[in-house]
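Colleague: kindly generate the corresponding structure for this input.
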Amino acid sequence: MKKYFYNLLILLSITLFFMPVHGWAADDNKANKSTFSQAELDQMVAPIALYPDSLLSQILMASTYPANVDEAVSWSKNNSKQQGDEAVKAVQNKSWDPSVMSLVAFPQVLEMMGKEPDWVQNLGDAFLAAPDTVMDTVQNLRRKAKKEGNLKTTEQQKIVIEQASPEIIIIEPAKPSVVYVPVYNPTVVYGVWWWPSYTPYYYYPPRYGFGSAVVAGIGFGVGIAITNSLWGGCNWRRGDVDINVNRYNNINVNNNRINNSNKTTNWNHNNNNRRTPYRDKSSRNKYNNKLGGSDKRNDFRGRDNGVKTNSSISNKTRDADRKKAQATLKNRGADPIAERKNLSGAGGDKVRSQVNKVDHNRTDSFRNKSSTQNKTNSGNFTGNRSNSSQRKSGASQKRSNSLSGIRNQKQSSNNFNRGSRSRSRSGGGGHRGGGGRR
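Modeller: As a prediction, the model looks like this:
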């Protein structure tokens, strides 16, 4: 009997010893799936967990495009008076993802995201890696806020409780067309913070004048009127977000319109709008292999993946044409496959050596020809220079003769003038001789 109780005691001790280990292992597996620990997830999600579901879903989607968010932050700063649907329409010519465009309706939200770009990227990476884990974290934080008495229906928001196990807490705008962005201190509204080493980000907008209301609970700024800017929604049971197709198409008139007859559709991350690396291996494998045009590369390379798609049909047609061309070459005495084999090994080395010799001979011939041509050109240049000198000498001589002629003409003129004066003097004697008139 003593031995029986002794063995039972040992068995109970072993069971109690391993029970918490298994519990921790389960938590670790969940954390590994999300690439972040639960402490990091609580810290990350706390600043936005009490936002209306529609705005929360837009932030989660937009955070997966951190480079787009950074550009939207700059645009919002430069267009501080723009908000609501009009602001979203004003950025339709941008190359951002539509989820990022929707956030320019809320300058306060973009200001918050602009102050903590690392938080934005981590939030997006966590949501891409494990959206259901992020959504569960939001619900756990909402339950804590409700338990502390800090999550209630007000003039700005409506709290809906779905009785489930555990309960699901939904936050909606009190008026569907007006959205209020809540402001709260996460280390207060959820109760005493349970991760001392992971204090959440607390954003307090300096321009909105919330006063002491935020210290005690949740404060609200000025409501923003919207019609179609918020087209996302939280699907708590599935653990991801949905898109309201009509609202989406009404505001995104120039970019990525959704052709879907359903009222709602699942959101899918568009890696073509992602310009920063993915954090975890799973996301890299999932999205890097789906970059725009990557599914067409095999078409350009003429490969058949064996998949029954339009591209594989075109590949098969291309392969058939290639085989037909090869058969035609064989009939003409040319076999490309055999020639490629001949070029492998020693045979290929011999051919390449011959080609190199031919190239060297051509190079030497070209150099000799160039040298001869250069000498000829040099001789021509010397002859031309001599002829040029002769031409210059002849021209100089002509100029000298011309000048000489001018000088001789001047001398002749002088002689003519002297002869005239001499004749004039002789004529005077005649006049004296005429004095014979005496």
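Colleague: all strands of the stretch 201-350 of the chain, in order?
Modeller: With DSSP state E, counting those that start in this stretch as the criterion, the stretch 201-350 of the chain has strands at 218-220, 224-225, 232-235, 240-244, 264-266.
Colleague: may I have the third one as CSV, with CA atoms only?
Modeller: Meaning strand 232-235. Only the C-alpha atoms of strand 232-235 are listed here, as CSV (Å, rounded to 0.1, in the frame of the first residue of the first chain):
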residue,chain,number,x,y,z
GLY,A,232,-12.9,48.2,-44.6
GLY,A,233,-14.4,46.1,-41.8
CYS,A,234,-13.3,43.6,-39.2
ASN,A,235,-14.3,40.0,-39.6
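Colleague: what helices and strands are in contact with it?
Modeller: Judged by 3 or more C-beta pairs under 8 Å, 6 or more residues apart in numbering; DSSP states H and E, the packing partners of strand 232-235 are helix 53-62, strand 240-244. (C-beta placed from N, C-alpha, C; glycine too.)
Colleague: and those as CSV, adding mean neighbour count, mean pLDDT and distance to A164?
Modeller: CSV is the format used below for these (neighbours: other C-beta atoms under 10 Å; pLDDT from 0 to 100; distance: least, C-beta to C-beta, whole Å):
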stretch, mean neighbour count, mean pLDDT, distance to A164
helix 53-62, 25, 97, 16
strand 240-244, 20, 95, 17
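Colleague: just the helices in the stretch 201-350 of the chain please.
Modeller: Counting by DSSP state H, counting those that start in this stretch, the stretch 201-350 of the chain has helices at residues 213-216, 245-251, 281-287, 297-301, 310-331, 336-342, 345-433.
Colleague: out of those, which gets the lowest mean score?
Modeller: Per-stretch mean pLDDT for these is lowest at helix 297-301 (a mean of 36).
Colleague: where in the stretch 151-300 of the chain is pLDDT low?
Modeller: Residue ranges of the stretch 151-300 of the chain with pLDDT under 70: 206-216, 255, 289-300.
Colleague: if we go to 90?
Modeller: Low-confidence segments of the stretch 151-300 of the chain, defined by pLDDT under 90, are located at 163-165, 202-222, 252-262, 270-273, 275-300.
Colleague: was I right about S197 contacting S37?
Modeller: No: assessed by C-beta atoms under 8 Å, S197 is found out of contact with S37, at 10.6 Å.
Colleague: between these two, which is the more surrounded one?
Modeller: Neighbour count, other C-beta atoms under 10 Å: between S197 and S37, S37 has more, with 16 against 6.
Colleague: check what pLDDT the more buried one gets.
Modeller: So S37 comes in at 95 (pLDDT).
Colleague: for the one 10 residues further on, same thing?
Modeller: Per-residue confidence for P47 comes out at a pLDDT of 96.
Colleague: that one should be in a strand, yeah?
Modeller: No: residue state for P47 (DSSP: H, G, I helix; E, B strand; the rest coil) corresponds to coil; a strand is not indicated.
Colleague: contacting residues around it?
Modeller: M112, W119, P186, P200, Y201, Y202, Y203 (C-beta atoms under 8 Å, 6 or more residues apart in numbering).
Colleague: same thing but 7 Å
Modeller: P47 is in contact with P186, P200, Y201, Y202, Y203, counting by C-beta atoms under 7 Å, 6 or more residues apart in numbering.
Colleague: and the gap between it and G232?
Modeller: 18 Å (C-beta to C-beta, to the nearest Å).
Colleague: could you measure from the residue nearest to Y287 when sequence neighbours are not counted over to F127?
Modeller: Nearest residue to Y287 in three dimensions, chain neighbours excluded: N271, at 4.1 Å (C-beta to C-beta, 6 or more residues apart in numbering). Per C-beta to C-beta, N271 is found 14 Å from F127.
Colleague: tabulate the helices and strands packed on strand 232-235 (TSV), appending distance to S99.
Modeller: Below are the helices and strands packed on strand 232-235 laid out as TSV (distance: least, C-beta to C-beta, whole Å):
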stretch	distance to S99
helix 53-62	4
strand 240-244	9
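Colleague: for those, which one sits closest to M135?
Modeller: strand 240-244 (7.0 Å; C-beta to C-beta).
Colleague: what's the closest one packed up against?
Modeller: Applying 3 or more C-beta pairs under 7 Å, 6 or more residues apart in numbering; DSSP states H and E, we find strand 240-244 packed against helix 53-62, strand 232-235, strand 264-266.
Colleague: how about a markdown table for the ones you listed, with distance to E167 added?
Modeller: Formatted as a markdown table, the helices and strands packed on strand 240-244 follow (distance: least, C-beta to C-beta, whole Å):
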| stretch | distance to E167 |
| --- | --- |
| helix 53-62 | 15 |
| strand 232-235 | 15 |
| strand 264-266 | 23 |
